[in-house]
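Engineer: sequence and predicted model, in that order:
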Amino acid sequence: MKKSVFFLFLSFLGFSLYSQNHNEIISGLLTRISEKQPADQIFIHTDRNLYNTGDTIRFQAFIRDRQTGVIETPSISLFVLLLNSDHVTIDSARFRISYSTASGWLKIPEITALGNYSILAYTSDQMNYSPEFAFKTPIRIDKIGSVHSGTDSLIVQSQSASDLRFLPEGGTYIYGIRQRLAFNAVTSTGKSVKASGDIVNQDGKKITDFKSGPYGPGVVEFTPIQGETYYAKPVEAEFGNISWPLPDPEKSGVSLRVNNTRSGSVDIAVSGNGTGGKDYFLTVTMNNILIFSKDIKLDTLFSARIKTAEIPAGTAFVTLYDNELNPVAERMIFLNADRKMKVQIGVSKPSTRPGSETELTINTTDEKGNNISSIISVSAIDSSLGFYNGIPYSDIESLFLFDNEFYNNLPQSIRCTGLKNADNKTIDLLMMTYGWRKYTLKETAMVMQEKRKDNFDHLKISNPGKDKKGREVINILSPEGGEILTLRLNENMETLLPFDSLDVMARQIMILPDDDPARNSNPVNIEFPENREYADSAKLMKTDSSYFEPEFVYAGNETSLFNPDSSIMIDAVTIKGTRTKPTEYVDKNAQQFKYAGAYTLYSKDFEFAQTFEDILYKLNAFSELINVKRNSSAYNSIND
């Protein structure tokens, strides 16, 4: 599913083009698209991406509004699952969202197959939409110290065929107009390779040269002359000493050019050949919001400078439509890259010994260097024991600011190094290649699924049984909040506990016994609402967890734990001791409660007890009666 306005089709609009102006039509379509997308956008910051069996995965989650970019959400529940490569759930939990963030953990079983896994996360509100908007990130489970910086997934590529493609800016290539063509070379396995050489015409005359940039893609610029065809002749041996054809230029059409190097503004130029008298409509959209639009004619060159000082940083789309609102050219750009928050981390001891402490100083500033408030999540990762450079380590900037489809198209080497390390010119070039799209005159209408309106932020509590023995109310106690909530049952002996009715610090609940002991004989059932269809579909989402050899080097995971220069070798010694025979328990529950305190209850202490459960309440054995949450938390368990 595309997230920008690529999906225009006249029958989809449902009304005549002549009844409204272009602005109203585009704005209406953007609104419809936004309504079919969840407001929640999740980022999960894991403490590392390499784990051993038996480890605990700890994380911090942040949820923001997709359209406004503000860290806020109406959702209260966060669902997090650990999946293996076969999309089977290894562990799962439900956590409470407080102030648009949640901290949590997942447990890796002691007996777990080594390999690539993934973390899937979604909010209660996201379950009403398409699963494609859920968060998913890969991790690695391996024997710590045995992973060799990602080389275990090395694939020999010396025999891989290479492919070289040239992509006109905006998707159109017109004779007689000076245009830019981005190019990219990859192997048959998808690995980016460098390319350089000459652009020649059909007679072998050199037109210009080309050379890949530091990340692989490059750009050339020249004016195609009608009647000529063009070829690229790379000098690298892997291209087989053959000529690679450039796209065939069209005799008439429009060309879109965007210069996005100036701070605080973006320059757009539209040229036409054989388009005299035709009307076009130019738009710039960001987060499904129309930030610029203009009806234009291409009798002459059209140019415009758009001020972006009041626009937040992020991905935008420049789209040109014909008079019938068929998209004819488009360009993805990244606005206000210099306005991203800057985080500086100072270290008191850049080099230190094991066991000693290092003080970190963290400072966040805006683009002008002014201090700004922020919420920081920090994890310290041992590069040899907790970081696997064969898979990307997700960062919040790439997830929240860059288009998801563009980011997923990037090769693993770029995602592993991180877009935050690329300059503005490189980002723009990557968007011209991995964000490139060529239009046809008629776009298929986007299939809009109907939004569900289910509320998953509650518990369903029931007290089935004989009417005379049933409860009229259910009393709920939250130990963290200390407040007792009274819920009245309906005629079906059911009631709902909305999560937002609990204290913001509540993490567990207790169901209190009824004042009438006779009413405690009927069981109290607790049901978590779920969308099984959504969860099953979200699990099947593809996560790129198998990658090729990294094109960069980090400290290897095979690094010794000890520094030989600071170690003293001693001869082997024998340590002897008396083996203690383990206690054998006859009762299966004896070992579980061997450390439990014991005290005596007399008959007078439970003379009004009607059931065995009433006696257990006297012992405060609530965990034996209520299992609403693993680790005693009502927000930390989902049926899966």
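Structural biologist: Yep, that arrived. Residues are numbered from 1 along each chain as shown.
Engineer: in whichever strand or helix holds Glu405, what counts as buried?
Structural biologist: Following DSSP states H and E, one finds Glu405 within helix 404-409. For helix 404-409, burial by neighbour count (16 or more other Cβ atoms under 10 Å) applies to Glu405, Phe406, Tyr407. All C-beta atoms are positioned from the backbone trio N, CA, C, and that covers glycine.
Engineer: and that helix, C-alpha only, in PDB?
Structural biologist: Extracted C-alpha coordinates of helix 404-409, given in PDB (Å, rounded to 0.1, in the frame of the first residue of the first chain):
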ATOM      1  CA  ASN A 404       8.700   3.000   4.900                       C
ATOM      2  CA  GLU A 405       8.700   1.700   1.300                       C
ATOM      3  CA  PHE A 406      11.800   3.700   0.400                       C
ATOM      4  CA  TYR A 407      13.600   2.500   3.500                       C
ATOM      5  CA  ASN A 408      12.700  -1.200   2.900                       C
ATOM      6  CA  ASN A 409      14.100  -0.800  -0.700                       C
END
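Engineer: check Tyr599 and give its pLDDT.
Structural biologist: For Tyr599, the model assigns a pLDDT of 58.
Engineer: which ones are touching Glu397?
Structural biologist: Lys340, Leu419, Lys420 (Cβ atoms under 8 Å, 6 or more residues apart in numbering).
Engineer: pLDDT at the second one, what is it?
Structural biologist: Confidence at Leu419, expressed as pLDDT, is 85.
Engineer: that one: what's it in contact with?
Structural biologist: Leu419 neighbours (Cβ under 8 Å, 6+ apart): Glu397, Ser398, Phe402, Tyr407, Leu410, Ile427, Leu430.
Engineer: returning to what we had before: tabulate the buried residues of helix 404-409 in CSV, adding columns for pLDDT and distance to Ser462.
Structural biologist: Converted to CSV, the buried residues of helix 404-409 look like this (pLDDT from 0 to 100; distance: Cβ to Cβ, whole Å):
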residue, pLDDT, distance to Ser462
Glu405, 86, 44
Phe406, 90, 48
Tyr407, 89, 45
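Engineer: next structured bit after the helix holding Glu405?
Structural biologist: Downstream of helix 404-409, the first helix or strand assigned by DSSP H and E is helix 412-417.
Engineer: can you show me the CA trace of stretch 376-389 as PDB?
Structural biologist: C-alpha atoms of stretch 376-389 as PDB (Å, rounded to 0.1, in the frame of the first residue of the first chain):
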ATOM      1  CA  ILE A 376      16.100   9.800  25.800                       C
ATOM      2  CA  SER A 377      16.400   6.100  25.800                       C
ATOM      3  CA  VAL A 378      20.000   4.800  26.100                       C
ATOM      4  CA  SER A 379      21.400   1.300  25.800                       C
ATOM      5  CA  ALA A 380      25.100   0.400  26.200                       C
ATOM      6  CA  ILE A 381      26.000  -2.400  23.800                       C
ATOM      7  CA  ASP A 382      29.200  -4.500  23.900                       C
ATOM      8  CA  SER A 383      30.200  -4.500  20.300                       C
ATOM      9  CA  SER A 384      31.600  -8.000  20.500                       C
ATOM     10  CA  LEU A 385      28.900  -9.600  22.700                       C
ATOM     11  CA  GLY A 386      25.700  -7.800  22.000                       C
ATOM     12  CA  PHE A 387      25.900  -6.300  18.500                       C
ATOM     13  CA  TYR A 388      25.500  -8.200  15.300                       C
ATOM     14  CA  ASN A 389      26.400  -6.100  12.300                       C
END
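Engineer: one step back: by neighbours, which of the contacts of Leu419 wins?
Structural biologist: Leu430 (27 neighbours; other Cβ atoms under 10 Å).
Engineer: quick check, central residue of the chain?
Structural biologist: Phe135 (4.0 Å; Cα atoms, centre = their mean).
Engineer: how distant is stretch 522-530 from the center of its chain?
Structural biologist: The chain centroid and the centroid of stretch 522-530 are separated by 32 Å under Cα atoms, centre = their mean, to the nearest Å.
Engineer: show me what counts as buried in it.
Structural biologist: Asn522, Val524, Ile526, Phe528, Glu530.
Engineer: closest to Asp267 among the residues you listed?
Structural biologist: Closest to Asp267 out of these is Glu530 (50.4 Å), distances taken as Cβ to Cβ.
Engineer: you'd agree the closest one is up against Leu459?
Structural biologist: No. At 11.8 Å, Glu530 does not count as touching Leu459 under the criterion of Cβ atoms under 8 Å.
Engineer: distance of Tyr388 from Lys420?
Structural biologist: 19 Å (Cβ to Cβ, to the nearest Å).
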